[in-house]
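[1] I'll drop the sequence and a predicted model, then ask my questions.
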Amino acid sequence: MFIETHVSYLQMQHWILFDLHLCYLSVGSPCKTQCKMQTQAARFCMKEYSRMPGTVTQLMADLNWQPLQTRRKIARVTMFYKMVNRLVDIDLQNYFVKTNKQTRGHNQKYQTMRWKVAAWRHSFFPTTVKEWNELPLSAVNCNSLESFKSAVKGHYQTKSNN
């Protein structure tokens, strides 16, 4: 009982310190320091400091924590969903152009943006359009934000298991 309570207390501390401050600081590609902090937090919460291969992956699975990179993808496509469904005051037509062709997937795809500067490639717009276009039809056609979030989490969960 004490161990379970201690682990949940440590997880709560992780959420307060790590998630709120670091997870949402940068929207681009994950920083090595932030990923390293997440692995250190998993080791600390479970009191497992072994350097065996796969230890951190197993710890994160036991704690039911998603990798930082996956959580950022979910945050980006969720913001895009809000833009598409006018849940935020950002006019989508000023930034994105819908495609006329449908080859696979859903019919709400947007044109991928071209870039001349490598830094632009990792910014919100080109990254999110690519991720949005890869989502399944069941996720894109969700009627509520909560159902969209659960569909996207399920999509990335099955994608990471394959």
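    Ah, there it is. Residues are numbered from 1 along each chain as shown.

[2] Met46 - how many residues pack around it?
    19 (other Cβ atoms under 10 Å). (C-beta placed from N, C-alpha, C; glycine too.)

[3] tell me the pLDDT at it?
    Per-residue pLDDT puts Met46 at 80.

[4] I'd say it and Trp65 touch.
    No - here Met46 does not reach Trp65: they are 10.6 Å apart, not a contact under Cβ atoms under 8 Å.

[5] can you list contacts of stretch 84-102?
    The contact list for stretch 84-102 (Cβ atoms under 8 Å, 6 or more residues apart in numbering) reads 79, 81-83, 108-111, 125, 129, 145.

[6] cutoff 10 Å now
    With Cβ atoms under 10 Å, 6 or more residues apart in numbering as the test, stretch 84-102 has contacts from 77-83, 107-113, 124-125, 128-129, 132-133, 140, 142-145, 148.

[7] and the buried ones among the residues you listed, selectable in PyMOL?
    Filtering these down to the buried ones (16 or more other Cβ atoms under 10 Å) takes a single PyMOL command:
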select buried, resi 77+78+79+80+81+82+83+108+109+110+113+125+128+129+132+133+140+142+148
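
[8] right, I'll call it a day here.
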